[in-house]
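**Student:** Build me a structure from this.
(2 chains)
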Amino acid sequence: EAQVTQNPRYLITVTGKKLTVTCSQNMNHEYMSWYRQDPGLGLRQIYYSMNVEVTDKGDVPEGYKVSRKEKRNFPLILESPSPNQTSLYFCASSAWDRGTDTQYFGPGTRLTVL
Amino acid sequence: GQNIDQPTEMTATEGAIVQINCTYQTSGFNGLFWYQQHAGEAPTFLSYNVLDGLEEKGRFSSFLSRSKGYSYLLLKELQMKDSASYLCAVRDRTGGFKTIFGTGTRLFVKA
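**Tutor:** Residues are numbered from 1 along each chain as shown, chains lettered A, B, ... in the order given. Just a heads-up that it's a prediction; the model follows:
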């Protein structure tokens, strides 16, 4: 089954404790993204990757890091989380195929930073 | 800069037709997406338009006019399960390949 998986689905942590949210896709997609979703602000792109070892900043990259060592995985790293990073996070992947571009989203990770 | 506008909320009646509009401003347009998102769930892909015109997929259709920076999502034969948020998003190739989302339109379908 084609899917994007994220782990963990829920996480409560404290300020300053480094954490990683994993993301994996099994569709051989080249383009992967991380978004955060906050009430009234919609989805905002944090980072994206066009391919292995190619990453670029989205609109809200401050406080986040990513890596793309393999095509299927795109982890999101918070080196020193702060309460303003409390949010719902989505990973997504997409590929151009037969004239259309379909982006698939993972189930989301709800992060609370105390 | 980049900007996407869509109405915050809409209400429609079961069985009716509803049109959700989206206007955008971007210097490097490279496609427009529509997604459906039910509360507490991930967005699911509905449509992608990169050329002007109407794309039809069952009860859902999406229209794009690049010269006007305008798109709409048309939902026909509304069902209660269509109550959800509808997200408009644009791919922008200016300085990269970002995806920018609007804040979404919450649609309420009433009996």
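**Student:** ok, which residues in chain A are in contact with chain B?
**Tutor:** Contact residues, chain A versus chain B (C-beta under 8 Å from any C-beta of the partner chain): A:31, A:33, A:35, A:40-45, A:48, A:50, A:56-59, A:90, A:99-108. Yep, even glycine has a C-beta here, placed from its N, CA and C like the rest.
**Student:** now, which of those lie within strands?
**Tutor:** Among the residues of chain A next to chain B, the members falling in strands (DSSP state E) are A:31, A:33, A:35, A:42-45, A:48, A:50, A:56-57, A:90, A:100-105.
**Student:** List the contacts of A:L114.
**Tutor:** Taking C-beta atoms under 8 Å, 6 or more residues apart in numbering or on different chains, we find A:L114 in contact with A:I12, A:T13, A:V14, A:T15, A:P83.
**Student:** give me that answer again for 6 Å
**Tutor:** By C-beta atoms under 6 Å, 6 or more residues apart in numbering or on different chains, the contact list for A:L114 reads A:V14.
**Student:** Same check on B:K110?
**Tutor:** B:T13.
**Student:** quick one: the strand or helix carrying B:S47 to strand A:100-105, angle?
**Tutor:** B:S47 is located in strand B:44-49, with elements delineated by DSSP states H and E. Strand B:44-49 runs at 160 degrees relative to strand A:100-105, counting by axes from the mean of the first three to the mean of the last three C-alpha atoms, to 10 degrees.
**Student:** How far off centre is strand B:44-49?
**Tutor:** 8 Å (C-alpha atoms, centre = their mean, to the nearest Å).
**Student:** What pairs with that strand, parallel or antiparallel?
**Tutor:** strand B:29-37 (antiparallel) (DSSP bridges).
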